[in-house]
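# Dropping a prediction and its sequence here:
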Amino acid sequence: MAKIKVYEIDEKEKYQSIGCLLNVIAELKSKKEIIDFFMGMLTPSEALMMGRRIQVAKMIIDEETAETIRKKLKVSFQTIAKTDHWLKERGDEYYYWISGRIKNGLKEKDAKKYREYTMLDKYPGHRILKDLLN
């Protein structure tokens, strides 16, 4: 895909393009679908850097020093500074909101796997039908 300059694109067109992307993402149902989508859309380097920026953001939120972040994640000071700016540019309210999302998104998930339920699980008679179909 040819590289374009972001600043040469009309604001309306930017919002349409980004809106289209977000509509597709919103339709994805499972974590696996989301991962598969991004791994297909992004180069391995882009996917890794997006993940790294989230890790950098979490470490900034946890008040790690820039030097610690740089050594642990092997990112530049510029990446750390840009991520810090992204976190704080919209004020305290946004910072606390996004901090909560990042912390919740990076929590270790319980080892328990919960069974996925369908409408066929709702009533005992339907469960028999489901078991027959499987």
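Structure received. Just so we're clear, the structure is a prediction, and the values are computed from it rather than from any experiment.
# Which of the helices or strands spans the closest residue to Gly105 other than its chain neighbours?
Leaving aside its sequence neighbours, Gly105 sits nearest to Ile54 (Cβ to Cβ, 6 or more residues apart in numbering; 7.3 Å). C-betas here are computed from N, CA, C, even on glycine. Per DSSP states H and E, Ile54 falls inside helix 44-61.
# domain assignment for the protein?
As recorded under automatic domain parsing, the domains making up the chain are 9-41, 47-106.
# Now render those as a markdown table, adding mean pLDDT and distance to Lys3.
Shown next, in a markdown table, are those (pLDDT from 0 to 100; distance: least, Cβ to Cβ, whole Å):
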| stretch | mean pLDDT | distance to Lys3 |
| --- | --- | --- |
| domain 9-41 | 89 | 12 |
| domain 47-106 | 89 | 16 |
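# which of those domains sits most buried?
domain 47-106 (a mean of 14; mean count of other Cβ atoms under 10 Å).
# Report the distance from that domain to the chain centre.
13 Å (Cα atoms, centre = their mean, to the nearest Å).
# Check stretch 35-49 too.
With Cα atoms, centre = their mean, you get 11 Å for stretch 35-49.
# Then stretch 22-39?
For stretch 22-39, the distance to the chain centre is 10 Å (Cα atoms, centre = their mean).
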